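K.L.:
got a sequence here, can you model it:
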Amino acid sequence: METRVVLLLLAALLCAGLLPWAATADSKPVFCIKSDLYKGPIRCNKTVDEIFTVDQFEAMFNHRNEPQAHAQGFWDYTSFIDAAKTFQEQGFAVTGGDDLQKRELAAFFAHVAHETTCGYSAAKDGPYAWGLCYKEELSPPKLYCVRSLLYPCALGASYHGRGAMPLYWNDNYGISGQALKYDLIHNPDLVANNATVAFQTAILRWMSPVKLNQPSAHDVMVNKWKPTKNDTDSFRFPGFGMTINILNGDLECGHGTDPRMEDRIAHYQYFLRILAPDADEGQNLDCGLQAILNLPTDARM
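P.N.:
Below is the predicted model:
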């Protein structure tokens, strides 16, 4: 997706230490804090590497190193686990018990696979077994540089799509780099050269609302988000479909069936069968009737 989401408000909150990834060193891990999802004593959920094994990663992305893949040897399980641990204290994939944790992982990877797949209908093992085929946009048509007071473009740098959920535009590189403590303005290629960073930028997007008073995709998948009356009147309900609306709604939601939306749903169902065959996939998988959460007023295509 090439849509440029303006996140300057989030940048200000980041500087103020108010965003969810700005945890203090002595903060208690979220996965050991009593949750609204669990009535009873404090309990600790399994960590990401306990709930998600290398064998499951290989089963989900077993064609990523095929000769026709464009990122051979780049994506690996260890890099994902290292990236996921960066966000454990904020609850990524450690919230709500085994099935809910696996549902969140399936949902997250569904968006990752949709953005990085080279699968097709007649591909070996089907179209959903080819995620993590790419690590960056090939032959970008432009530099994706826009004037920015906070994050001016470095001379000659290109801010084309890179990463597990492709990151576009200089201000998004700047905001993500500030949150993760990397200089991505002057070194945007780090997202395409370091698999941990490539996963971290994707998880950061997953964990971050686009605007204040909106849910993140993480909030939706762990049942933290409660829709307002305006949401329900707009057919926005908890479920995988709302994550599509948050991440790419201006292109894929609100107009009935969309092949991109359907592809994300199919990836989610495919991965959930691998991670937790008996888990309930939940309701409201699509966003075809949902009013778009964020109109593309700031999009630069």
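K.L.:
can you pull the contacts of Asp82?
P.N.:
Residues touching Asp82, when contacts are defined by C-beta atoms under 8 Å, 6 or more residues apart in numbering, comprise Thr196, Phe199. Bear in mind the C-beta positions are built from the backbone N, C-alpha and C, glycine included.
K.L.:
give me the pLDDT for it.
P.N.:
At Asp82, the pLDDT value in this model is 98.
K.L.:
with Trp130 instead?
P.N.:
97.
K.L.:
repeat that for Thr24.
P.N.:
Looking at Thr24, its pLDDT reads 31.
K.L.:
pretty sure Val48 sits against Ile81.
P.N.:
Yes. Counting by C-beta atoms under 8 Å, Ile81 is a contact partner of Val48 at 6.1 Å.
K.L.:
of those two, which one has the most company?
P.N.:
Under the criterion of other C-beta atoms under 10 Å, the comparison of Val48 against Ile81 puts Val48 first, with 21 against 17.
K.L.:
mind saving the C-alpha coords of the top helix by length along the chain as CSV?
P.N.:
Assignment by DSSP state H gives helix 98-116 as the longest helix of the chain. Presented in CSV, the C-alpha positions along helix 98-116 are these (Å, rounded to 0.1, in the frame of the first residue of the first chain):
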residue,chain,number,x,y,z
ASP,A,98,-3.5,-19.3,23.9
ASP,A,99,-6.3,-19.1,21.4
LEU,A,100,-6.5,-15.3,21.4
GLN,A,101,-2.7,-15.0,21.1
LYS,A,102,-2.7,-17.3,18.1
ARG,A,103,-5.6,-15.4,16.5
GLU,A,104,-3.7,-12.2,16.8
LEU,A,105,-0.6,-13.8,15.2
ALA,A,106,-2.7,-15.2,12.4
ALA,A,107,-4.3,-11.8,11.8
PHE,A,108,-1.0,-10.0,11.9
PHE,A,109,0.7,-12.5,9.5
ALA,A,110,-2.3,-12.3,7.2
HIS,A,111,-1.6,-8.7,6.5
VAL,A,112,2.1,-9.3,6.2
ALA,A,113,1.6,-12.2,3.8
HIS,A,114,-0.9,-10.2,1.7
GLU,A,115,1.7,-7.4,1.3
THR,A,116,4.7,-9.7,0.6
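K.L.:
what helices or strands is the following helix or strand past it leaning on?
P.N.:
Once the chain leaves helix 98-116, the next helix or strand it forms, by DSSP states H and E, is helix 170-180. Other helices and strands packing on helix 170-180, by 3 or more C-beta pairs under 8 Å, 6 or more residues apart in numbering; DSSP states H and E, are helix 8-16, helix 195-207.
K.L.:
and these, which one averages the lowest pLDDT?
P.N.:
The stretch with the lowest mean pLDDT among those is helix 8-16, at a mean of 42.
K.L.:
CA atoms of the first helix or strand past it going along the chain as PDB?
P.N.:
For helix 8-16, the following helix or strand on the C-terminal side (DSSP H and E) is helix 48-51. As requested, the backbone C-alpha atoms of helix 48-51 are provided in PDB (Å, rounded to 0.1, in the frame of the first residue of the first chain):
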ATOM      1  CA  VAL A  48       5.600 -15.300  21.800                       C
ATOM      2  CA  ASP A  49       8.300 -17.900  21.400                       C
ATOM      3  CA  GLU A  50       6.300 -20.300  23.600                       C
ATOM      4  CA  ILE A  51       3.000 -19.800  21.700                       C
END
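K.L.:
by contact count, what packs against helix 48-51?
P.N.:
Contact here means 3+ C-beta pairs under 8 Å, 6+ apart; on that basis helix 48-51 packs against helix 77-86, helix 98-116.
K.L.:
the last one: which residues count as buried?
P.N.:
Within helix 98-116, the residues scored as buried using 16 or more other C-beta atoms under 10 Å are 100-116.
K.L.:
from the contact counts, what lies against it?
P.N.:
Using 3+ C-beta pairs under 8 Å, 6+ apart, the elements in contact with helix 98-116 are helix 48-51, helix 195-207, helix 217-221, helix 240-252, helix 259-275.
K.L.:
which residues are contacting the first one?
P.N.:
Which is helix 48-51. Outside helix 48-51, the residues that touch it by C-beta under 8 Å, 6+ apart are Asn45, Ile81, Ala84, Lys85, Gln88, Phe92, Ala93, Val94, Asp98, Gln101, Lys102, Leu105.
K.L.:
need the max-distance pair from those residues.
P.N.:
For those, the farthest-apart pair by C-beta to C-beta is Lys85 and Asp98; their separation is 18.3 Å.
K.L.:
so how far is Ala195 from Asp258?
P.N.:
Using C-beta to C-beta, to the nearest Å, we find Asp258 at a distance of 30 Å from Ala195.
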